[in-house]
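Asker: Build me a structure from this.
(one chain, ligands or ions: 2)
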Amino acid sequence: MLYVKDLDVQGKKIFLRVDFNVPLDKEQNIKDDTRIKATLPTLNHLLEHGAKVIVASHLGRPKEEFNPEFSTRPVAERLAKLIPQKVLHAPDVVGHEVESKKTQLKESQVLLLENLRFYPGEKGNNLSFAQQLAHDIDYYVNDAFGVCHRSHASIVGIPQYVQKSAAGFLVAKEVEYLSKAILSPKKPYVFILGGAKVSDKIPVIERLLHKTDNILIGGAIAYTFFSAQGFGVGRSLVEEDQKDLALSLLDKAKSKGMNFLLPQDHIAAAAIDPGAKKHIIQEFPIPKDLMALDIGPQTIEKYKDIIKTAKTIFWNGPMGVFEIDQFGKGTEEMAKAVANTEAISIIGGGDSVAAVLKVGVSEKISHISTGGGASLEYIAKETLPGLEALTEK
Ligand code: ADP
Ligand code: MG
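Answerer: Ligands and ions are numbered 1, 2, ... in the order given. The predicted structure follows:
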């Protein structure tokens, strides 16, 4: 794989794919510009070396057509405050106007395109759309780690139509940390998996069974596993169509003789509400009118004991509804336990990272990944479509 520092970019037109998918408020003010700042090393490197940089990102979930609510214009304005160079903004992604702006672009100038997801060709990986994006471009640089698990046109399509493709500094750093955790993990290796949707995680859990002897499950995903085994889980979140898969995973874990742990006790309430009365449930069934919203105190102790012994830890997905304090204890205790080990610790996922920041222990985590789905998929499959696209040529 080539890296951005391997390219001679002087005077060249670079298509830089970034993840500027920042949270916006109703007036389209940027609430947090971490993602913009994360890409500055790559952007500054390109500008200092005289490249003409065409920057593109997705932003939010527009309906694949132009919509000013999802415009990248506020991002262009913020970016302009973060770098000394002027930032030009294109009112479209492809087409005549964009092409003429690309042509006029001078060395060490930036042109930020409109939201890539205004076009169905982006998610659909339409090759003629990718070709239009690549028109007149010399080199492609991918610094959008958070979307490297997506086979979108700006991730896997463009590299087919340019002379060279390379990883930016952010992508390189993610791959360096994550591959260290995969290729030579110091054991014991512990996975902590939680979060909301088991269908997001089940495909990777299957692969993780081959990599580790310890999987600690928390969050809503536990209740599909319980329900599949016939336990009454009240109104806890269950994905009915994932139950068969959940059972077969439990069988595989059992036959491997590994620690595949589900919560022993649960914090439950009648509603996801700060005012709801909290119950500690130690036995099934969970009462019909309650839903499990956090792991219970015995589970916390058990998981902490295992985390203490770990040399490598990967964590994705909170243990409960951490956004509400009374259902946040499990997540908080796990975050502290992970922070207190000497283990290599990696945390990925938008909500997981927010939870760790909330607890205030982020500095004691070895690596906080900018991509949740991407980091999980990389750990499980040891590759990502976006990384493969950089090496294929
Ligand atoms: P990440 O963004 O880190 O990948 P997910 O998006 O998978 O994590 O899951 C985070 C969400 O899961 C949070 O909004 C949290 O409130 C929710 N969640 C965790 N546990 C439960 C639970 N027991 N019931 C309902 N929602 C839960
Ligand atoms: Mg999330």
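Asker: Low-confidence regions, the chain specifically.
Answerer: For the chain, residues meeting the criterion pLDDT under 70 lie at 393.
Asker: Who are the contact partners of the closest residue to ligand 2 within the stretch 201-350 of the chain?
Answerer: Nearest residue of the stretch 201-350 of the chain to ligand 2: residue 350, at 4.5 Å (CB to the ion). Placement of C-beta: from N, CA and C, glycine included. When contacts are counted by CB atoms under 8 Å, 6 or more residues apart in numbering, residue 350 is found next to residue 372.
Asker: Reduced to three states, what does the closest residue to ligand 2 within the stretch 251-393 of the chain come out as?
Answerer: As assessed by CB to the ion, ligand 2 sits closest to residue 351 within the stretch 251-393 of the chain, at 4.1 Å. Three-state call for residue 351 (DSSP: H, G, I helix; E, B strand; the rest coil): helix.
Asker: Just confirm it contacts residue 318, I think it does.
Answerer: Yes - between residue 351 and residue 318 there is a contact under CB atoms under 8 Å: 5.6 Å.
Asker: Could you check which of these two is surrounded by more residues?
Answerer: With neighbours defined as other CB atoms under 10 Å, residue 351 and residue 318 compare such that residue 318 has more, 30 against 18.
Asker: so residue 62 touches residue 119, yeah?
Answerer: No - the criterion here is CB under 8 Å, and residue 62 misses it with residue 119 at 9.9 Å.
Asker: ok, back up a step: gap between the residue of the stretch 251-393 of the chain closest to ligand 2 and residue 357?
Answerer: Distance, residue 351 to residue 357, using CB to CB, to the nearest Å: 11 Å.
Asker: Likewise for residue 208?
Answerer: Residue 208 is 25 Å from residue 357, by CB to CB.
Asker: of these two, who's got more company?
Answerer: More crowded of residue 208 and residue 357, by other CB under 10 Å: residue 208, with 21 against 13.
Asker: Contact partners for that one?
Answerer: 191, 193, 215, 379-380.
Asker: and the gap between it and ligand 1?
Answerer: From residue 208 across to ligand 1, the span is 15 Å (CB to the nearest ligand atom, to the nearest Å).
Asker: Spit out the contact partners of residue 358.
Answerer: 322, 328, 332.
Asker: Relative to residue 65, how far out is the closest residue to residue 64 other than its chain neighbours?
Answerer: Spatial nearest neighbour of residue 64, chain neighbours left out: residue 120 (4.3 Å); criterion: CB to CB, 6 or more residues apart in numbering. Residue 120 sits 8 Å away from residue 65, going by CB to CB.
Asker: more neighbours, those two?
Answerer: Neighbour count, other CB under 10 Å: between residue 120 and residue 65, residue 120 has more, with 13 against 10.
Asker: correct me, but that one touches residue 152?
Answerer: No - with contact defined as CB under 8 Å, residue 120 does not reach residue 152; the gap is 10.9 Å.
Asker: Contact residues of the stretch 251-393 of the chain facing ligand 1?
Answerer: Selection of the stretch 251-393 of the chain residues close to ligand 1 by CB under 6 Å from any ligand atom yields 292-293, 316-318, 320-321, 323, 349-352, 372.
Asker: Just send these back as a markdown table, with distance to residue 283 too.
Answerer: Converted to a markdown table, those look like this (distance: CB to CB, whole Å):
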| residue | distance to residue 283 |
| --- | --- |
| 292 | 13 |
| 293 | 17 |
| 316 | 29 |
| 317 | 25 |
| 318 | 24 |
| 320 | 19 |
| 321 | 22 |
| 323 | 27 |
| 349 | 31 |
| 350 | 34 |
| 351 | 29 |
| 352 | 29 |
| 372 | 33 |
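Asker: Can you say which of the residues you listed are buried?
Answerer: 292-293, 316-318, 320-321, 349, 351-352, 372 (16 or more other CB atoms under 10 Å).
Asker: How about the contacts made by residue 347?
Answerer: Residue 347 neighbours (CB under 8 Å, 6+ apart): 314-316, 338, 353, 356, 365, 367-369.
Asker: Tell me the secondary structure at it.
Answerer: Assignment for residue 347 (three-state DSSP): strand.
Asker: before we move on, back to that, more crowded one of residue 62 and residue 119?
Answerer: Shown here are residue 62 and residue 119; by other CB under 10 Å, residue 119 has more neighbours (23 against 18).
Asker: returning to what we had before: where do the contact lists of residue 62 and residue 119 overlap?
Answerer: Common neighbours of residue 62 and residue 119 (CB under 8 Å, 6+ apart) do not exist.
Asker: tell me the domain boundaries of this protein?
Answerer: Domain assignment for the chain by automatic domain parsing gives 4-169, 176-380.
Asker: contacting residues around residue 390?
Answerer: So residue 390 contacts 1-2, 142, 159, 165-167 (CB under 8 Å, 6+ apart).
Asker: who's in contact with stretch 76-93?
Answerer: 20, 22, 30, 33, 36-37, 40, 43-44, 47, 55-56, 66, 72-73, 97-98, 101, 105, 108-116, 118-119, 133.
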